[in-house]
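J.: kindly return the folded structure for what I paste below:
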Amino acid sequence: MLTLELMTDDGPIVIREDDLAEITEAELRIFRISRQKLEHLFDECDELMCSVHPSERVRLCVAEKNGNWVVRLVRHYELTEPLMAGRA
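T.: Numbers count the residues shown, from 1 in each chain. This is a model prediction of the structure:
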């Protein structure tokens with residue numbers, strides 16, 4: 001199951017692939033994305049994650065840039081993950 005962070009005007013929204021069917025049309029309008037485009041982005045994320053080793057600590061972020069939605073991998077850092085704090 002994939003999870004992505006969709007960057008919106010109100011901040012990031014975490015969406016799990018299993019929850020796609022439950023997202024309402026009103027929510028899609030707020031996010032300013034179509035259901036079809038969101039499904040396409042999950043397909044892109046799936047392809048991108050094939051190149052990631054399980055030990056890599058990354059998350060999928062999707063943001064609109066110049067009218068196009070862009071998928072990118074963002075590394076988790078110790079400062080943003082309390083459970084990793086203090087580990088060498």
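J.: contacting residues for Arg75?
T.: With contacts defined as CB atoms under 8 Å, 6 or more residues apart in numbering, Arg75 is in contact with Glu56, Arg57, Val58. (Each C-beta comes from the backbone N, C-alpha and C, glycine too.)
J.: give the bridge partners for it, please.
T.: Residues in a beta bridge with Arg75, per DSSP bridges, are Val58.
J.: roughly how far does it sit from Leu2?
T.: 17 Å (CB to CB, to the nearest Å).
J.: follow-up on the earlier one: closest to Leu48 among the contacts of Arg75?
T.: In terms of CB to CB, no member of the contacts of Arg75 lies closer to Leu48 than Val58, at 9.5 Å.
J.: if I look at that closest one, how far off is Val71?
T.: In this view, Val58 and Val71 are 12 Å apart by CB to CB.
J.: looking at the two, which one has more neighbours?
T.: Val71 (18 against 14; other CB atoms under 10 Å).
J.: now for the more buried one: which residues touch it?
T.: If you count contacts by CB under 8 Å, 6+ apart, Val71 has them with Leu4, Leu41, Glu44, Cys45, Leu48, Leu60, Cys61, Val62.
J.: nearest residue to it other than its sequence neighbours?
T.: Of all residues not flanking Val71 in the chain, Glu44 sits nearest, at 4.8 Å (CB to CB, 6 or more residues apart in numbering).
J.: show me the biggest helix of this structure in terms of residues.
T.: For the chain, the helix that runs over the most residues, judged by DSSP state H, is helix 35-49.
J.: measure the closest residue to Leu41 other than its chain neighbours to Glu17 for me?
T.: Spatial nearest neighbour of Leu41, excluding adjacent residues (CB to CB, 6+ apart): Val62 at 5.4 Å. With distances taken as CB to CB, Val62 is found 12 Å from Glu17.
J.: show me where the chain dips below the pLDDT cut-off.
T.: For the chain, the stretches flagged by pLDDT under 70 are 77-88.
J.: quick one: the strands in it?
T.: Along the chain, counting by DSSP state E, strands occupy 3-8, 11-16, 58-65, 68-75.
J.: now the angle from the third one to strand 11-16?
T.: In other words, strand 58-65. 130 degrees (axes from the mean of the first three to the mean of the last three CA atoms, to 10 degrees).
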